[in-house]
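Visitor: Just a sequence and a predicted model for now, questions to come.
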Amino acid sequence: NAGVTQTPKFQVLKTGQSMTLQCAQDMNHNSMYWYRQDPGMGLRLIYYSASEGTTDKGEVPNGYNVSRLNKREFSLRLESAAPSQTSVYFCASSEGRAQPQHFGDGTRLSIL
Amino acid sequence: AQSVTQLGSHVSVSEGALVLLRCNYSSSVPPYLFWYVQYPNQGLQLLLKYTSAATLVKGINGFEAEFKKSETSFHLTKPSAHMSDAAEYFCAVSETGRRALTFGSGTRLQVQP
């Protein structure tokens, strides 16, 4: 049982480049999330999707876009990467609000 | 919006000593509360959750947490620390009307031999 799978695990970009972070879950969860983790700031929500076909902004959505491709997959896109987007990105999924979120192992992204 | 405060960004204990990690939340209604643990270069793993069934919640690896409404607290404890408990711990609260979690800034636990 893979749970939540994120690709890639590491990436280095130059300022202005674009890329898409992939996330897939095999637990048949309705809700999926993207967070970024920065030292001393915990996890901050970028976007979430309560169900297939819906997405909502979180705390720090600027500079990002998302796509809920189907129930399993939720991708995060950086259209024009900036050094301030250097971070560790985590994808998570859950059955609903009162249910625990299950996390992937993260994507470590550096933007030069 | 709800907020979560974790007192102490770093906590150091001796092996075998009591572990106490503090978490306070702000909420006008009883929330759902969670503790997660993160080991280096890994994602977050659920330790335990509070969903109003019982105020004392037992989790994995010998951890437990007590919900105190009067103090708006949900502190995490373990009677006897083990070296393998060294990690970062996050308290989180669910937001009313939304499906996302609000996380505290985390507490890094160091266990000394």
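Guide: Ah, there it is. Numbers count the residues shown, from 1 in each chain, chains lettered A, B, ... in the order given.

Visitor: Next to chain A, which bits of chain B? Give me the list.
Guide: Contact residues, chain B versus chain A (CB under 8 Å from any CB of the partner chain): B:4, B:9, B:32, B:34, B:36, B:41-46, B:49, B:51, B:90, B:94, B:98-106. For the C-beta atoms, the positions are set from N, CA and C on the backbone; glycine is no exception.

Visitor: Recalculate using a threshold of 7 Å.
Guide: Selection of chain B residues close to chain A by CB under 7 Å from any CB of the partner chain yields B:9, B:32, B:34, B:42-44, B:46, B:49, B:51, B:90, B:94, B:99-101, B:103-106.

Visitor: Tell me which helix or strand residue 45 sits in.
Guide: As the question left the chain open, I've gone with chain A. A:Leu45 is part of strand A:43-49, with elements assigned from DSSP states H and E.

Visitor: look at chain B instead
Guide: B:Gln45 belongs to strand B:44-50 when elements are defined using DSSP H and E.

Visitor: For the next helix or strand after that strand, which helices and strands make contact with it?
Guide: Next along the chain after strand B:44-50, taking DSSP H and E as the criterion, comes strand B:56-58. Strand B:56-58 sits against strand B:44-50, strand B:64-68, with contacts defined as 3 or more CB pairs under 7 Å, 6 or more residues apart in numbering or on different chains; DSSP states H and E.

Visitor: Pick the most deeply packed of those strands.
Guide: When the helices and strands packed on strand B:56-58 are scored by mean count of other CB atoms under 10 Å in any protein chain shown, the highest mean neighbour count falls to strand B:44-50 (a mean of 21).

Visitor: Thanks again, I'm all set now.
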